[in-house]
Structure formats: structure tokens, C-alpha cells
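In: Okay, sequence plus prediction incoming.
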Amino acid sequence: MATETQVPRWHRRPDARPEEILDAAAKVFGENGFARARLEDVAREAGVSKGTVYLYFDGKETLFREMVRAKIVSAVATAEELARGYTGSARELMVELVRGYWRLMREEEMVRISRLCVSELGCFPELAKFYYDEVILRARRLIETVMERGVRSGEFRPVANNFLPRGLPMLVIQAAQAQCFFTGLDAERLTDQQVFEGVVDLLLHGVLARPAEPGA
């Protein structure tokens, strides 16, 4: 008689399958890259048949788009909602946004997905445009609104060429990748918390209109 742990995963309720397939897709895309990933690999990881994957997603590009929406775009939307309702200072909001972005991009799954997007999407123009519009541009616009808010309140100074909304995500992504792939080689390695604190220190001392008070 089979125990509960021996029951195949495809016996789970049908409405759970899309989420499980997206989780599996994130792992397979992250480990194999987009070009090498196969739907049968995703199905195997999710514990379903390849046909079941096709019930929900009509191909690999659709699956990739929906995985990005579930794993990354949803996080951007949550950050946008936070910013809309935030009543604290622009400085505090910026730090909270960086904290959330760092936590997301430090997840090994997301580190690998971001690496895939940088290294492979240039070969897939439609997916590159999708990722640019729904992730890169939305994140940039969000930071721009916080910067504008801080400049209006006198907390921030205008940054040359409005570079910060572009440069900050680059810094966080590169720092997350370095922590994931190279920290074991670094004799002077930093903890994740130390890296986050360093990013915030560099950010604030680059954009604050006046020096921070000691201990701030």
C-alpha cells in the first residue's frame, strides 16, 4: 500500500499544476539556460507529463514569459504598490526598495535567471523586448519616481544624466551574481548583509543632497 509520500506528484489538485510548472521552469531555465531548456525537462521537474505542460502553456517562449511574470514582474508590481502608499521619506523608501530588490535577486534561482537574460536574450529579440518592457523599464520608472520625489523634498540631488535608475539595478544584479558565483573564491568575502549595507551606503552618499548625520 502506497504511503502519501509515494503518490506521484501529478495526482495533486489540477489548480496547483500551473504554479508547480512555473516553479519547475524557473529551475530548469536557470540551470540550463533558455536555448538548452526543454519542455520535457520542465515536465519531469514538475512531476507531470509533457502534455500537461501544453495544457497550460503553448510553448517554451510562453512558459518563459509566464515564469518571468510570476517570479519577477509580480515583485516589481509589489514594489510599485509599496511606493504608491508609502508615507515616509524618499530616503527611507529608496532603502526599502533596494532591500526588497536585493532579497529577490540574491535568491539563487533569480541570480541564474538574470544571468540567462543578460547572456541569451540578445539571440531572442521578442523575449528581450518583453523582458525590457516588463522588468527593466518598469523597475527603472519606479526608481525614477522615488528619485523625483526625493529631489522635490530636498532629500536628493539631481543625478547626472538621470543615471541612478539605470545604474542601481545593475549594481544590485552584479553584486548578487558575485555573491552567488565567486564568494567562495574571495579571501575577503563579505556577507550578504554587508554587501547590502555597502550598496545602500554607496547609493545614499551618491544621491543625498546633504551628508548623513553620524550614525544615521
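Out: In hand now; what should we look at? Numbering: from 1, shown residues only.
In: Looking at the closest residue to Arg157 other than its chain neighbours now. What's its pLDDT?
Out: Nearest residue to Arg157 in three dimensions, chain neighbours excluded: Ala209, at 4.7 Å (Cβ to Cβ, 6 or more residues apart in numbering). Every residue, glycine included, has its C-beta placed from N, CA and C. According to the model's per-residue confidence, Ala209 sits at a pLDDT of 86.
In: What separation do you get for Ala209 and Ile143?
Out: 17 Å (Cβ to Cβ, to the nearest Å).
In: Settle it for me: which of those two has more neighbours?
Out: Looking at Ala209 and Ile143 with other Cβ atoms under 10 Å, you find the greater number of neighbours at Ile143, namely 22 against 13.
In: contacting residues for that one?
Out: Neighbour list for Ile143: 94, 97, 164-165, 168-169 [criterion: Cβ atoms under 8 Å, 6 or more residues apart in numbering].
In: nearest to Leu82, of these?
Out: Leu97 (7.3 Å; Cβ to Cβ).
In: Run a quick neighbour tally on that closest one.
Out: Residues lying near Leu97 (other Cβ under 10 Å) number 20.
In: just Val195 next, same as before
Out: For Val195, the neighbour count with other Cβ under 10 Å is 19.
In: re the thing from before, which ones among the contacts of Ile143 map onto helices?
Out: Among those, DSSP state H puts 94, 97, 164-165, 168-169 in helices.
In: Looking at these, spot the one nearest Gly59.
Out: Closest approach between the ones in helices among the contacts of Ile143 and Gly59, by Cβ to Cβ: Pro169, at 28.7 Å.
In: Now that closest one. Nearest residue, chain neighbours left out?
Out: Leaving out its chain neighbours, the residue that sits closest to Pro169 by Cβ to Cβ, 6+ apart is Ala139, at 5.5 Å.
In: Pull out the buried positions in the helix or strand that contains the one you found.
Out: Here Ala139 is covered by helix 137-153, with elements defined by DSSP states H and E. By 16 or more other Cβ atoms under 10 Å, the buried positions in helix 137-153 come out as 138-140, 142-143, 146-147, 149-151.
In: and that helix, average pLDDT?
Out: 96.
In: Could you check how far Gly150 is from Glu80?
Out: Taking Cβ to Cβ as the criterion, Gly150 is separated from Glu80 by 17 Å.
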